[in-house]
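Undergrad: return a 3D structure for these sequence lines:
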Amino acid sequence: LEKELSEKFQGVISSPTFTQIVLRVVSGETWRESLRLPRESLDLLYKGARAVFEEGRFQDATDCFAFLAWFDARKYDFWLALGHSQFHCANHEGAISSYGVAAHCLPSESWPHIYSATCFEAIGDVEQAARCMKTALRLEKDRRAPDKELILALEHKSEQYRQGTAMPIS
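TA: Here you go, the predicted model:
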């Protein structure tokens, strides 16, 4: 992997090559696509970043996942993991942004909205947390195979928001 990345970046150094790569990015390709990096290379880096996260090195994991998200900005898993790492570093605003991009990458998924609700609770914006939870509930109910237990939990949390008794999601 190191050799492959080194070769790719050596090729970028020349001005004409760099211009071509940037033009491909501007036209809608990800950096991974523009640099012609195989998906497997980023998958391997993702596994390494997950190991860093699982070791509890959340700032390092944030850096790793930010790097991966930069390379392939369309990858839901990268943005979700970046949000988790930021959350564990108490960077709730950053996590909200990352979860928002994850939601954009996979619009039918309820989890980015659930995690965003947790972040909004952490910064004391219960009204926005309730909106996120409402969106998550709608998305989960609209799924082809909705998770009934998750729906019950989301309904319960939404009711707590309405009553003003919501406790942060752990």
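Undergrad: need the next SSE after the helix-or-strand element of the chain with minimal mean pLDDT, C-terminal direction.
TA: Least confident helix or strand of the chain, by mean pLDDT, DSSP states H and E, is helix 2-12 with a mean of 63. Downstream of helix 2-12, the next assigned helix or strand under DSSP states H and E is helix 15-26.
Undergrad: where in this protein is pLDDT low?
TA: 1-2, 4-16, 168-170 (pLDDT under 70).
Undergrad: can you give me the helices for it?
TA: 2-12, 15-26, 31-34, 39-54, 58-71, 76-88, 92-105, 111-122, 126-142, 148-163 (DSSP state H).
Undergrad: switch those helices over to TSV; also include mean neighbour count.
TA: Glycine gets a C-beta too; all of them are placed from N, C-alpha and C. Below are these laid out as TSV (neighbours: other Cβ atoms under 10 Å):
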stretch	mean neighbour count
helix 2-12	11
helix 15-26	12
helix 31-34	18
helix 39-54	15
helix 58-71	19
helix 76-88	23
helix 92-105	21
helix 111-122	23
helix 126-142	18
helix 148-163	14
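Undergrad: any idea how far Phe58 lies from Leu137?
TA: Distance, Phe58 to Leu137, by Cβ to Cβ, to the nearest Å: 29 Å.
Undergrad: again but with Ala73, I slipped
TA: 28 Å.
Undergrad: I'd guessed Gln86 sits against Ser98; true?
TA: Yes. Under the criterion of Cβ atoms under 8 Å, Gln86 makes contact with Ser98 at 5.9 Å.
Undergrad: who touches both of the two?
TA: Contact criterion Cβ atoms under 8 Å, 6 or more residues apart in numbering; no residue bridges Gln86 and Ser98 by contacting each.
Undergrad: once you drop chain neighbours, what's closest to Tyr161?
TA: Ala130 (3.9 Å; Cβ to Cβ, 6 or more residues apart in numbering).
Undergrad: please apply the same query to Phe53.
TA: Phe53 sits nearest to Ala61 (Cβ to Cβ, 6+ apart), 3.9 Å away.
Undergrad: wait, isn't that neighbour in contact with Gln86?
TA: No. Counting by Cβ under 8 Å, Ala61 does not reach Gln86; the two are 9.3 Å apart.
Undergrad: quick one, what contacts Val22?
TA: Contacts of Val22 by Cβ under 8 Å, 6+ apart are Ser34.
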